[in-house]
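**Q** Attaching a predicted model along with its sequence, questions to come.
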Amino acid sequence: MIIAERKPMPEIMEMISGIKKLLILGCRGCVAVCSAGGDKEVNIMVEAITLGKKLKGETIEIDQDVLVRQCDPEYLEPLKEKVKEYDAILSMACGVGVNFLAEQYPDTLVLPALNTTFYGANLSSGEWKEMCAGCGACVLHLTGGLCPVARCAKHLSNGPCGGSVNGRCEVDPNTPCVWQLIYDRLKRLNLSENMRKIMPIRDWTPSGEGGPRRRVREDLLP
Amino acid sequence: MSDRPGKVIGFCCNYTTQVTEEPLKEAGILPESVEFKRLSCTGKLEVSSLLAAFSRHGADAVFVAGCPEEECHNFSGSRRASKRVKYTKQILSELGIEPERIEMFFVPRQETEPVVKAAKEMLSRLEKLGPIIKKDSNNKEGNDSGKAA
Amino acid sequence: MAPKLVEAGRSPNIEILTNARLEALEGKPGNFVAKVYQEPRYIDEDKCTACGTCTMYCPVPVVDLYNERLNVTRAPHIDYAQAIPSCFYIDAKACLRVNHEVCNLCAQTCIAGAIDFTQKPKHLELEIGAVVLSPGFGRISHEVLERFGYGRYPDVLTSMEFERLTCASGPSEGHIIRLSDHKPPKKIAFLQCIGSRDETCGNGYCSSVCCMYAFKEASVAKEHEPDLDIALFFMDIRTQGKGFDLSREQATKKYGFRVIRARVPKVDQVEGKLLLTWTEEDGTPKSEFFDMVVLSIGLESPEDAKEIAEIAGIELNKFNFCKTSIASPLNTTRDGIFVAGAFQGPKDIPESVTQASGVAALASEVLGDSRGTKTITITYPEENQELLKLPPRIGVFVCHCGVNIAGVIDVKSVAEYAATLPDVVLSETTLYSCSQDALRTIAEKIKENQLNRVVIAACSPRTHEPLFKETLRSIGVNAAFIEMANIRDQCAWVHSKEPEAATEKAKDLVRMAVSKARLLEPLYETEVDVTPRALVIGGGVSGMSAAISIADQGYECILIEKTDTLGGIANKLSFTLTGEDPKKIVKELVNRVKKHPKITLYTNATLKNLSGYIGNFISTIDHAGEEIQVEHGVTIIATGGRPYEPKDYLYGQSNRVITQLELEEKLKKGKSSLKNINTVVMIQCVGSRGDDQNYCSKVCCMQAVKNALKLKELKPSIKIYVFYRDMRTYGFSEAFYREAREKGVIFLRYEPDRRPEVIKSGRGIKVKAFDRISQMDIEIPASLVVLSVGISPSEDNDKISKIVKTPITQDGFFLEAHAKLRPVEVAVDGVFICGLSHGPKGIDECIAQAKAAASKAVIPLSKGKVSVEPIVSRIDKDKCIGCGICVSLCPYNAIQMVKVGKRRKAETISASCKGCGICASHCPVLAISMGGFTDEQIFSQIHAFAESYLGTQQKDSQEKKQEQEGEQENKE
Amino acid sequence: MAKSGAVLVLGGGVCGVQAALDLSELGYYVYLVEKKASIGGVMAQLDKTFPTNDCSL
């Protein structure tokens, strides 16, 4: 799931200064689950902006809506005409949503309300953790399912760096060293041998280093 | 306008107090500018409702009165409410509003006196803070700075 | 009640053991041995004069429990001035001498030498034949009261505390004040059901008395402070007793009470002001400040209920009250041990008094033969003939009645004034002239001063004169030598705002009494033999129960029933709420009646005529067309009642509309009777509470709950709606009301101005009503509409009232002699009432009342003689011209014509005469005079009254002249 | 064994007092056992009585 978080209010207020009519658009996808851009957060944003504007003695007309997903054309289609009425859309989706809106509504200013951060898992209500970097070359079969790319500060492929102390990461001691975790897990699974396998030098092309990625499946195309 | 300390909205849980404010106002215990809103549980409170009290309902200060943390009728309702109050404080700060304008009070159940005390505490905070929208001149300033930015 | 207490205190056959408790009870009915432990009073009852000096000198303050801890007294004290025994006692827990052997101040100051620290606890072993348990009730625990702010907020009071506050002799001398600031409150709220109808404190029953006393306390408060704003908070208003609804409505109207239908969950205080918040019927919240909150506390089982049960070997019910049954409401689970009053279940004073008389009958049934074996007969000294020869020597005693009189009237100046009146040789004030010590003092003063006329300026002769007469008799003075001036009820109470004028009026009243006293003549009681047989009219449950009791107590009883079957209205019942079988109850009674050798039963029999008087009645009975004459000493009216016949709600027009009794009949057949019946709507108060009959029928709520539960038992899926005004499931029936709600019966309240309507709808019917909670009109298609019809008085009551010459109320039920204290007696001596003839009530209450009537009826039978009050009419046969006017006017059949020589002359039947004086006022030749109220006595009072206007100079000559005239008239 | 002509009444409130009076009138000797120092019970503490507002004592 994509994890995102609300931008600080001053940044948002800054973005929308001068905007008279605003559509705040939420998304019921990942950002709803990570409580950054669902219905509830849209409501909060509406009130926060109204209050912020009131404080400045300005007025703003705000409409709000929440789409099932902002990353699918079928959900954006119905709004196509309506969005023209607005000076701007404040998207509360992840960056994908913002991009996609911008592409779909060429004449409308689209602003991001969130900072999109990572692919993560819900640890509990209100706590998320990065688990995948979307590198395009999965090695999880070798590492007991724990990703050294996403979860090692240095993206190391062949064991921990010299800074791993007592199973903690050198970069952030609050984070466990993923290589320690991988070691413990392989041992438990009687796969310690895996540690001995030397991983080849990583090809970073699929990770986006080769430019924006695109995937097509012929069998599915219309 | 400038004389009034400002409006206080209190969100009270059903179990905290079912009091209606008319007799309190009639008895001169609370000024007209205090308003109670009753909820089935403060756990029901949304951050957006707390913000709306300021943005739409003209509150200059807001308080939430819920059951003592360990005695909440719905176990964790008032604890949730206090977290939401904290988050609201953060948003207020981000918007440049004094976070003291909103507060959570844990009060013994079914007692009105502590709720009245909470309202009075907010009123006394307003004595210092003044209304949330400063006088006209300030408004203009705000406007100008907005434009300038 | 004071006269009863004094009577008990004076009775040689009642041994009052105070500070005592029962420790063991062994043996069997007829021969129990009770071990009683009695703690010492440390003050000798025979010596104490109740002067109060000991209290003044004692250094140890103790809270005054009699005044609900609202003030303090000292270790030696008396609970209240009129307390019986009228002897102080020492609170052993507080006394320094008792606990630490120091002090002794009180003993040194007691002039009478009554204080005796050598007293030791006593272990008594009493041989008794039966036991009556009447330990009363306990108090709702502090913990429950605390929920309502009691103990935390000073202006939250219990109803008992409020009672003491309103009492003139209470801690605030009758001023209603807030305990917080000692200022009078302006707004008072009464909260009902505190500790009652509350499962959370284990009291899932209704206390049955709080609704009444709340209205009473509110009324008293308004009398004290007319500007008070009073709100009363009720769930249901349960004033179901006889005449109670009417009184409540009148009080509500007169005093403008705000009656609010809500249960206030708690009392709150904000900045020293009491705040109540409640939810209105339509769900809206409301808050209001009050200056004072009175908690109407319920009745709980006695604190020592379990201990009593263990010692007495009896069982308790689930609420720790005594376990009884509908058929035997006064029997415990152990033979020979009976129960009465609140321990049997929460109840009010009239019902407690009724049950008290009832248990006396039960004990008497068991002990019959041994009657009179242990009692002592009082003998009065010979009357002092010397006193009669002396000219009038009048003693005047002016009573303070605590502050009741002295708070308004300057009693000292009244006494001083009385001393100046002719023939007055002694004039004094007394604090409470009705207290035992005061009576003793008065007796001594009479002897010392050779008084032969006594004037008591105090309260009403109606309640207190017998006491003073008794005092005179006990020292050999004719009981007629007393005159009372009612300076309390007729003066201090009604002129409380004008003390000076009231004092003057009191002087007038005393002068009038003195002037009459000078003319008092001795009167002599006569005794009449009693025919040892009773007549019971009505063969229902009440009549049969009364007859059996009288017969079991050893006296003959004639039972007449107008129909051919015994059982009356109870024959129509198929179930009871508690699961007992009413048919079985009736059957057992019928069997006992039929088998009892001392009962003569006449069915198809009605009373045609009744003559005679207590001890000597002669009745004419129409027995299946044949007239029989019977002689009997007492009469019990048990004419029963009948179901009200509904005129409305499509009754009679649709076979889907029936009454509760008809439903019961139907349900007897079991589940099959409910085929196609899926929705039942019950409507309460059909013909009751101002509909057609202006009273509450008391049983219909229970009946509805009973039948609803039966319906649910037979067919759980059935939907039941009950439209009610107040659910009056008082006492333990409350638990069944709760059960009905838990089982899904829906209770909807209606106001009389928006009654539910039954309308035809196609082939069926539906009920249209306004739902007060949703504030919407609703329609319920009903398979069956069941009308809870009230109880109507028997159609015979009117006729019997005329034959027996005892009044019925405007509702058509027989009027008791005193609603509280004489609930089974009527205006005519020797006639008693019970059951539905007295008013609507349940079977158990009917049985208890029947026993009470039997008890009262057996008293004259067992004594064999009745003594007749001498205040009766006397006919001067020389003057009588035999016109017969008096005979036709006498309301009590107390005058008969006799032949004297050749002439017809009127003659009073003293035993029947009530001393009303109607005959005397109509006699064309002034041949009739009233004992104690002769014309000359009355005229002298009138003239004495006029004196205050004529001036004192003229009075003597006027009076003398008048007296002479009077005498002349008499001579003529 | 002959039955005793005495009755024990436990509790001296209005109910117990009335029972005692009636029993004594019926010809039985009564022991009225009261745990407090005086009889009268709660009724003696009342000021007035419903519905007539008569003096309770």
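**A** Thanks, I have it.

**Q** For the residue positioned nearest the centre of chain B, identify the helix or strand it belongs to.
**A** The C-alpha lying nearest the average C-alpha coordinate of chain B belongs to B:Val62 (C-alpha atoms, centre = their mean; 1.0 Å). Assigned by DSSP states H and E, B:Val62 belongs to strand B:61-66.

**Q** what's that strand packed up against?
**A** Contact here means 3 or more C-beta pairs under 8 Å, 6 or more residues apart in numbering or on different chains; DSSP states H and E; on that basis strand B:61-66 packs against strand B:8-13, helix B:47-55, helix B:77-94, strand B:102-106, helix B:113-129. C-beta here means a position set from N, CA and C on the backbone, and glycine is covered the same way.

**Q** the domain parsing of the chain - what is it?
**A** No chain in the question, so chain A it is. The record's domain split for chain A, according to automatic domain parsing, is A:2-118, A:133-207.

**Q** could you do chain C instead?
**A** C:2-130, C:142-297, C:385-436+C:447-526, C:529-640+C:794-867, C:644-790, C:873-971.

**Q** Put together a markdown table for those domains, with distance to B:Leu51 on each row.
**A** Output for the domains of chain C, formatted as a markdown table (distance: least, C-beta to C-beta, whole Å):
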| stretch | distance to B:Leu51 |
| --- | --- |
| domain C:2-130 | 54 |
| domain C:142-297 | 26 |
| domain C:385-436+C:447-526 | 63 |
| domain C:529-640+C:794-867 | 58 |
| domain C:644-790 | 34 |
| domain C:873-971 | 84 |
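
**Q** which one of those lies closest to A:Gly26?
**A** Smallest distance to A:Gly26 across the domains of chain C (C-beta to C-beta): 35.1 Å, for domain C:142-297.

**Q** and the closest one, average pLDDT?
**A** On average, the pLDDT along domain C:142-297 is 94.

**Q** What's opposite the residue nearest to the centre of chain B in the beta bridge?
**A** B:Ile9, B:Ile102 (DSSP bridges).

**Q** All the helices of the chain, residue numbers only.
**A** By default, I'm working from chain A. A:9-15, A:30-33, A:39-56, A:73-76, A:95-104, A:148-151, A:178-188, A:193-196 (DSSP state H).

**Q** look at chain D instead
**A** So, for chain D - with DSSP H - the helices run D:14-25.

**Q** counting contacts, what elements does the helix or strand of it with the lowest mean pLDDT pack onto?
**A** Least confident helix or strand of chain D, by mean pLDDT, DSSP states H and E, is strand D:54-55 with a mean of 79. Judged by 3+ C-beta pairs under 8 Å, 6+ apart, the packing partners of strand D:54-55 are strand D:48-49.

**Q** Other residues contacting the strand it packs on?
**A** C:Thr166, C:Lys216, C:Val220, C:Ile349, C:Lys820, D:Met43, D:Asp54, D:Cys55, D:Ser56 (C-beta atoms under 8 Å, 6 or more residues apart in numbering or on different chains).

**Q** thinking again about what came up before, tell me the angle the strand holding B:Val62 makes with strand B:102-106.
**A** 20 degrees (axes from the mean of the first three to the mean of the last three C-alpha atoms, to 10 degrees).

**Q** Check the separation of the first and last residues in stretch C:872-886.
**A** In stretch C:872-886, first residue to last residue: 14 Å (C-alpha to C-alpha, to the nearest Å).

**Q** Centre of the chain to stretch C:382-397, how far?
**A** For stretch C:382-397, the separation from the chain centroid amounts to 37 Å (computed by C-alpha atoms, centre = their mean, to the nearest Å).

**Q** typo on my end, stretch C:666-686
**A** Distance, centroid of stretch C:666-686 to centroid of chain: 39 Å (C-alpha atoms, centre = their mean).

**Q** all strands for chain A, in order.
**A** For chain A, the strands defined by DSSP state E occupy A:2-6, A:21-27, A:61-67, A:88-91, A:109-112, A:114-124, A:127-132.

**Q** sorry, back to before: and the residue nearest to the centre of chain B, how close does it get to B:Ser33?
**A** According to C-beta to C-beta, to the nearest Å, B:Val62 stands 13 Å off from B:Ser33.

**Q** before we move on, what about C:Ile599?
**A** The value you get for C:Ile599 to B:Ser33, if C-beta to C-beta is used, is 82 Å.

**Q** Mind putting the helices of chain A into a markdown table with distance to chain D, mean pLDDT and mean neighbour count?
**A** Compiled in a markdown table, these are given as follows (distance: least, C-beta to the nearest C-beta, whole Å; pLDDT from 0 to 100; neighbours: other C-beta atoms under 10 Å in any protein chain shown):
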| stretch | distance to chain D | mean pLDDT | mean neighbour count |
| --- | --- | --- | --- |
| helix A:9-15 | 68 | 97 | 17 |
| helix A:30-33 | 66 | 95 | 22 |
| helix A:39-56 | 59 | 96 | 22 |
| helix A:73-76 | 74 | 94 | 14 |
| helix A:95-104 | 76 | 96 | 20 |
| helix A:148-151 | 79 | 94 | 22 |
| helix A:178-188 | 77 | 96 | 18 |
| helix A:193-196 | 89 | 92 | 12 |
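
**Q** can you tell which of those is closest to C:Trp493?
**A** Closest to C:Trp493 of the helices of chain A, according to C-beta to C-beta: helix A:39-56, at 68.3 Å.

**Q** Could you list every helix and strand that that closest one packs against?
**A** Judged by 3+ C-beta pairs under 8 Å, 6+ apart, helix A:39-56 is in contact with helix A:9-15, strand A:21-27, strand A:61-67, helix B:47-55, helix B:77-94, helix B:136-148.

**Q** In space, not sequence, find me the middle residue of chain D.
**A** Compute the mean C-alpha point of chain D, and by C-alpha atoms, centre = their mean the closest residue is D:Val17, 1.0 Å away.
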